[in-house]
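Chemist: Have a look at this prediction, sequence included:
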There are 2 protein chains.
Amino acid sequence: MEAPIKILIADDEPDIIEIISFHLNKLGYEVASAKDGSEAIEKANSFAPDCIILDIMMPKRTGFEVCEYLRSQKQFDKTLIVLLTALNDEASHIKGLELGGDDFISKPISPKVLVSRITALFRRLQPTESDKKIITANDLMIDISQYKTVLKGVTHVLAKKEFELLYLLAAQPGRVFLRGEILSQVWGNDVIVGDRTIDVHIRKIRAKLGIDCITTVKGVGYKFDY
Amino acid sequence: MEAPIKILIADDEPDIIEIISFHLNKLGYEVASAKDGSEAIEKANSFAPDCIILDIMMPKRTGFEVCEYLRSQKQFDKTLIVLLTALNDEASHIKGLELGGDDFISKPISPKVLVSRITALFRRLQPTESDKKIITANDLMIDISQYKTVLKGVTHVLAKKEFELLYLLAAQPGRVFLRGEILSQVWGNDVIVGDRTIDVHIRKIRAKLGIDCITTVKGVGYKFDY
DNA sequence: CCGTTAGTTAACAATTTGATAATGTTAACT
DNA sequence: AGTTAACATTATCAAATTGTTAACTAACGG
């Protein structure tokens, strides 16, 4: 789940490889390199990178050829391909993009910009945040994208407000939420409801889950503790 | 499902807008334009484009400001933002990408290249078709290329909207889709239909398939669970 | 003890969905 | 064009669920 993102750099100039590697490494990427087109293809297969930076002008095979090959292979379907070139001519640019490149960068370019562009590319690919809205605590799981809670493998169905309340508290276990905070977070600032309303919902959660995962802090509020 | 891709161009130079529009139009995109930053935001809201091309130097609000605003709004989560500038300075470049831009293009650039880059951006977004044409869950198969559903070997014919709705939900089993999401995905942002419309279609799906593969999450939405 | 705060319960109110029928709309076929 | 049938949408009402309140009880701290 949290495997580092892998990037392969193919360029025949060692200096370029070194400086780019350095910057990418600093950001936590795992980097491999290749010095020509053939090696790029080998490394792509063995290293299975998430992103490949290809210089166009390389010995053995050009970046175009490598790009074309990669795009024809199913396993590189989702691999980002960035084409890099000293040429600044339009034809190459278009050709690169048409061959399935995801980005096309003209040299000279500062490493910082290159790295920014790559970061931007990845940002798009990041799994939709809805996926990662799951809270777990011991044998309790709260998944907001599915609106369900699973305790010891048993799914408990909470009503909307109950769920939202539990989710709010569980998002920061141990932290005490004032009644006012709970109201504004779960109910919003517009609606006005009495104080007992919170109590009743807390009670329903406790009853449905069958465990006392919510602690009362008298005179202050409630906290999730489990 | 096959609505044309919509692109919004914001630039204060009418010539630029015209030439880019022309090329994008030719490729079948639906194009709208804005002449300054404020108009860009208005149009973004009303037009709901899939991609926004922003000149950085614009009256009223700069492209940076517009970009920052768009990225702060949930509905533009998946909207591509391309920043366009006459400046070729690195700081702007990085700033643009850090503000959430998806691509950064320096003028002057030929329309062909610009269009290629935009096409490349979209290509990356396309959900890999190979995976997504057929969905299976237990003894249920949903094949979008044939618009048919097969349950336990028996083919059930769903109407267009019914099918699209089922397909949407089944593509991410377990995930709850809000009514609003369903509306914008299946019906699109332009048409306005009442809430009961969704219910009725859900009901028809349940009736036709004879199984309850769709779960109601009261007050929230629906999810596919089977 | 006494006042304050939280828990419990049941009644009631509000919201949401389900079911059905009726009305538009579209597409296909004469 | 006219006819028909399938589909999509809306309207309406019933049913179920959920949310809120009130009234009472229990617990806690000084």
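Modeler: Received it, and whenever you're ready, just let me know what you need. Residues are numbered from 1 along each chain as shown, chains lettered A, B, ... in the order given.

Chemist: Using PDB, list the CA coordinates for the lowest-mean-pLDDT helix or strand in chain A.
Modeler: The element with the least model confidence among the helices and strands of chain A, by mean pLDDT, DSSP states H and E, is helix A:90-98, at a mean of 75. Listed in PDB are the C-alpha atoms of helix A:90-98, where the atom choice follows Å, rounded to 0.1, in the frame of the first residue of the first chain:
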ATOM      1  CA  GLU A  90       7.500  20.900 -32.600                       C
ATOM      2  CA  ALA A  91       7.400  17.800 -34.700                       C
ATOM      3  CA  SER A  92       9.200  15.800 -32.000                       C
ATOM      4  CA  HIS A  93       6.900  17.200 -29.400                       C
ATOM      5  CA  ILE A  94       3.800  16.100 -31.200                       C
ATOM      6  CA  LYS A  95       5.200  12.800 -32.200                       C
ATOM      7  CA  GLY A  96       6.200  12.100 -28.600                       C
ATOM      8  CA  LEU A  97       2.700  12.800 -27.300                       C
ATOM      9  CA  GLU A  98       1.100  10.900 -30.100                       C
END
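
Chemist: Can you give me the buried ones in that helix?
Modeler: A:92-97 (16 or more other CB atoms under 10 Å in any protein chain shown). C-beta coordinates here come from the backbone N, C-alpha and C atoms, glycine included.

Chemist: Would you reformat those as TSV and include distance to DNA strand C?
Modeler: Written out in TSV, the entries for the buried residues of helix A:90-98 read as follows (distance: CB to the nearest atom of the strand, whole Å):
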residue	distance to DNA strand C
A:S92	44
A:H93	41
A:I94	37
A:K95	40
A:G96	40
A:L97	35
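
Chemist: Which pair of those spans the longest distance?
Modeler: Across the buried residues of helix A:90-98, the two members that end up farthest from each other (CB to CB) are A:S92 and A:L97, 9.7 Å apart.

Chemist: what's the overlap in contacts for the two?
Modeler: Taking CB atoms under 8 Å, 6 or more residues apart in numbering or on different chains as the contact criterion, the common neighbours of A:S92 and A:L97 are A:F104.

Chemist: follow-up on the earlier one: which other helices and strands does the least confident helix or strand of chain A contact?
Modeler: helix A:63-72, strand A:80-85, strand A:103-106, helix B:111-125 (3 or more CB pairs under 8 Å, 6 or more residues apart in numbering or on different chains; DSSP states H and E).

Chemist: Could you list every helix and strand in contact with the shortest one?
Modeler: For strand A:103-106, the helices and strands in contact under the criterion 3+ CB pairs under 8 Å, 6+ apart are strand A:80-85, helix A:90-98, helix A:111-125, helix B:111-125.

Chemist: Mind telling me which of these the model trusts least?
Modeler: Least confident of the helices and strands packed on strand A:103-106, judged by mean pLDDT, is helix A:90-98 with a mean of 75.

Chemist: Report pLDDT for A:D89.
Modeler: 70.

Chemist: How many residues are close by it?
Modeler: By other CB atoms under 10 Å in any protein chain shown, the residues close to A:D89 number 10.

Chemist: quick one: it from DNA strand C, how far?
Modeler: 46 Å (CB to the nearest atom of the strand, to the nearest Å).

Chemist: That residue and B:I118, how far apart?
Modeler: Distance of A:D89 to B:I118, given as CB to CB, to the nearest Å: 19 Å.

Chemist: swap in A:I16?
Modeler: From A:I16 across to B:I118, the span is 28 Å (CB to CB).

Chemist: Give me the more crowded residue out of the two.
Modeler: Neighbours per residue (other CB under 10 Å) separate A:I16 from B:I118, with B:I118 holding more: 25 against 19.

Chemist: thought the more buried one was touching B:H23?
Modeler: No. In this structure, B:I118 is not within contact of B:H23 by CB atoms under 8 Å, at 9.6 Å.

Chemist: between the buried residues of helix A:90-98, which is closest to B:I214?
Modeler: Checking these one by one against B:I214 (CB to CB), the nearest turns out to be A:L97, at 41.0 Å.

Chemist: is it true that the closest one touches B:I118?
Modeler: No. The pair A:L97 and B:I118 does not pass the contact test of CB under 8 Å, sitting 9.5 Å apart.

Chemist: a strand runs through A:H23, doesn't it?
Modeler: No. Inclusion of A:H23 in a strand is not indicated when DSSP: H, G, I helix; E, B strand; the rest coil is applied; the result is helix.

Chemist: Do you know the pLDDT at it?
Modeler: The per-residue pLDDT reported for A:H23 equals 85.

Chemist: How about the backbone phi and psi for the residue of chain A found nearest DNA strand C?
Modeler: Ranking the residues of chain A by distance to DNA strand C (CB to the nearest atom of the strand) places A:T216 first, at 3.7 Å. Main-chain torsions, A:T216, degrees, to the nearest 10: phi -90, psi 130.

Chemist: Quick check: which element contains the closest residue to it other than its chain neighbours?
Modeler: Nearest residue to A:T216, sequence neighbours excluded (CB to CB, 6 or more residues apart in numbering or on different chains): A:Y222, at 5.9 Å. When secondary structure is defined by DSSP states H and E, A:Y222 falls within strand A:221-224.
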